[in-house]
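Visitor: Dropping the sequence and predicted coords here.
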Amino acid sequence: MTHPFTASILDVLEKHFGDSAKTVFELSPLIGYINQKTRSANRGSKSRSSFANLYALYVLIEDYLNHGFDKKPRYGEYEGADFSPLLKRMRELPFGQKLQNHALNNRANEEFHKYYPEDARRPILRKVDLQKYWINESLLYVTISGTKHNIARAVQDIIQAYVETKRQSFEQFIKDCEVLKKASETRDESLIAFIRSLIAPERDARVFEIVSYSLLRSFYAEDVVFIGTTAQSVRPENLRLYKTGRTNANDGGIDFVMKPLGRFFQVTETLDVKKYFLDIDKIERYPISFVVKTGMSVADIKAHLEAGAREQYAVEAVVKKYMESIEEVINVPVLLTIFDRVVKSGHVHDVLDEIIRWSKVEFNYMETNGTDAGSVADDDEDE
């Protein structure tokens, strides 16, 4: 498979291996896997980035090179790298501050196996009881015409090139947002068109979640409920939507929470029935609304979920309970309708402010003065 960043991979390989670059690319499963993981590099900041698994490989290869094992064939005698320094190093890398242990422990290996099911090797080796880790050295060698080539430094350079490409595209996205933020009200049409372009099924899951939150936050803020513990204490209160953390976080299936009604929202890009029911089970079948990154109609989504529930559970009472747990389904057309209402209410700039704020938080963007653009709990980046 080739994509725009493949050319950059081949450029790096050519610097290291000259005329053998294409052969190395074709023969190396590890580079093939990295090629799969870097598809988003040239699609701009709105395209899903893949840092966790790549960084797990990067820090192990860095440890391998720092000990000079590309020059001396004694890696099999190495006692292994400790877990804590590896994770610390991953978090020091660009966009890596919030990464967790999943990539080191199993996720990178599982995904590699998905792309190369016939290859029994796994890129990351570990001894669980000792918390020791190694890169699978056999994947760092490519043999061409009887000559073994070590690709460790090339892999390191490829990952660095990918990260730099993503950094540049993200910074451009933030600059575009800031320019629109500073535009006068007479240029609101450009801002409206820009935000509408982000509400689309083909957009990155992270940006979609951020935009969804920003829209729904402004939309529900217009609504008022009357609440109190006694008849005398009843008072009006605006609905407030809260984001529970970073996107794709390990938060039990809750992306947004609404106060004071206690509504739960989960953003998803899948139509996998099991995923919906897993989210429902996580919160003991408490009512939950799903924001779905699809143009499929709400009626069709519900019909699809109900059909899946019948196939999976068969018992009518169980199917009914699951379906009753789905409080609302919000798809892309519904979000666009909500956006139109937000525009009419005059809050489009508030939406952009939230998009900028949470985009900076999501990508651990540092302002030019060196301070964090935002702060949230240390959540997972699940890929």
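Guide: Yep, that arrived.

Visitor: who's in contact with stretch 179-198?
Guide: Stretch 179-198 is touched from outside by 46, 176, 207-208, 211, 336, 339, 343, 348-349, 351-353, 355-356, with contacts defined as CB atoms under 8 Å, 6 or more residues apart in numbering. The way it works is simple: take the backbone N, C-alpha and C, and place the C-beta from them, glycine included.

Visitor: List only buried entries from those residues.
Guide: Those of these that meet the buried threshold are 46, 207-208, 211, 339, 343, 348, 351-352, 355-356, by 16 or more other CB atoms under 10 Å.

Visitor: and the contacts of stretch 179-198, which of them are in strands?
Guide: Counting by DSSP state E, no part of the contacts of stretch 179-198 is found in strands.

Visitor: for the residues you listed, which one is nearest E311?
Guide: F208 (27.9 Å; CB to CB).

Visitor: can you tell me which residues contact that closest one?
Guide: 198-199, 267, 269, 293.

Visitor: repeat that with 6 Å
Guide: K293 (CB atoms under 6 Å, 6 or more residues apart in numbering).

Visitor: please begin residue numbering at 720 from this point
Guide: With the count now opening at 720, the last piece we talked about shows up as F927.

Visitor: Which positions are bridged to V944 in the beta structure?
Guide: E956 (DSSP bridges).

Visitor: mind checking how far I1045 is from N772?
Guide: Going from I1045 to N772 by CB to CB, to the nearest Å gives 32 Å.

Visitor: before we move on, what about D974?
Guide: Taken as CB to CB, the span from D974 to N772 is 23 Å.

Visitor: One more: T884?
Guide: 17 Å.

Visitor: try R826
Guide: Separation of R826 from N772 (CB to CB): 6 Å.

Visitor: Can you tell me the SS state at V1080?
Guide: Applying DSSP: H, G, I helix; E, B strand; the rest coil to V1080 yields a three-state assignment of helix.

Visitor: number of nearby residues for it?
Guide: 20 (other CB atoms under 10 Å).

Visitor: Okay, now the unreliable bits of this protein?
Guide: 759-768, 902-906, 964-972, 1082-1102 (pLDDT under 70).

Visitor: Going along the chain, name the strands of it.
Guide: 800-801, 843-846, 851-854, 860-863, 866-869, 943-946, 954-957, 959-962, 975-978, 982-987, 1007-1011, 1045-1049.

Visitor: So which other helices or strands are in contact with the longest one?
Guide: Spelled out, that is strand 982-987. Counting contacts by 3 or more CB pairs under 6 Å, 6 or more residues apart in numbering; DSSP states H and E, strand 982-987 packs against strand 1007-1011.

Visitor: Which parts of the protein belong to which domain?
Guide: For the chain, the structural domains run 725-884, 902-1081, going by automatic domain parsing.

Visitor: Could I get the full set of helices for the stretch 820-969 of the chain?
Guide: Secondary structure of the stretch 820-969 of the chain (DSSP state H, counting those that start in this stretch): helices located at 821, 827-834, 871-901, 907-917, 924-939.

Visitor: Out of the ones you listed, indicate the one that is most buried.
Guide: helix 924-939 (a mean of 23; mean count of other CB atoms under 10 Å).

Visitor: Which residue is the nearest non-sequential neighbour of Y794?
Guide: Leaving aside its sequence neighbours, Y794 sits nearest to F788 (CB to CB, 6 or more residues apart in numbering; 4.3 Å).

Visitor: my bad, should have said V1062
Guide: I911 (5.8 Å).

Visitor: Now the residue nearest to E988 when sequence neighbours are not counted, what are its backbone angles?
Guide: Distance criterion CB to CB, 6+ apart; nearest residue to E988, sequence neighbours excluded, is K1012 at 4.0 Å. Main-chain dihedrals, K1012, degrees, to the nearest 10: phi -80, psi 70.

Visitor: list the contacts for K1012?
Guide: Contacts of K1012 (CB under 6 Å, 6+ apart): 920, 927, 988.

Visitor: repeat for V992
Guide: So V992 contacts 1024, 1027 (CB under 6 Å, 6+ apart).

Visitor: can you rerun that using 7 Å?
Guide: Residues in contact with V992, defined by CB atoms under 7 Å, 6 or more residues apart in numbering, are 1024, 1027-1028, 1031.

Visitor: got it, and V861?
Guide: V861 makes contact with 743, 746-747, 868, 870, according to CB under 7 Å, 6+ apart.

Visitor: okay, those in JSON lines with neighbour count and distance to R808 next?
Guide: Shown next, in JSON lines, are those (neighbours: other CB atoms under 10 Å; distance: CB to CB, whole Å):
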{"residue": "V743", "neighbour count": "21", "distance to R808": "26"}
{"residue": "L746", "neighbour count": "16", "distance to R808": "29"}
{"residue": "S747", "neighbour count": "21", "distance to R808": "24"}
{"residue": "H868", "neighbour count": "18", "distance to R808": "26"}
{"residue": "I870", "neighbour count": "24", "distance to R808": "20"}
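
Visitor: tally of neighbours for V731?
Guide: Neighbour tally, V731, other CB under 10 Å: 22.

Visitor: Distance check, it against I870.
Guide: Distance from V731 to I870, counting by CB to CB: 10 Å.

Visitor: same thing with K1021?
Guide: The spacing between K1021 and I870, counted by CB to CB, is 49 Å.

Visitor: Which one of R826 and N772 is surrounded by more residues?
Guide: Using other CB under 10 Å, the more surrounded residue of R826 and N772 is N772, with 23 against 18.

Visitor: How about the more buried one, nearest residue that isn't a chain neighbour?
Guide: In space, N772 is closest to A827, 4.1 Å off (CB to CB, 6+ apart).

Visitor: if we can go back for a sec, make a markdown table out of the strands of the chain and add distance to I999.
Guide: Listed next are these as a markdown table, based on distance: least, CB to CB, whole Å:
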| stretch | distance to I999 |
| --- | --- |
| strand 800-801 | 39 |
| strand 843-846 | 33 |
| strand 851-854 | 36 |
| strand 860-863 | 47 |
| strand 866-869 | 49 |
| strand 943-946 | 25 |
| strand 954-957 | 28 |
| strand 959-962 | 20 |
| strand 975-978 | 16 |
| strand 982-987 | 9 |
| strand 1007-1011 | 6 |
| strand 1045-1049 | 8 |
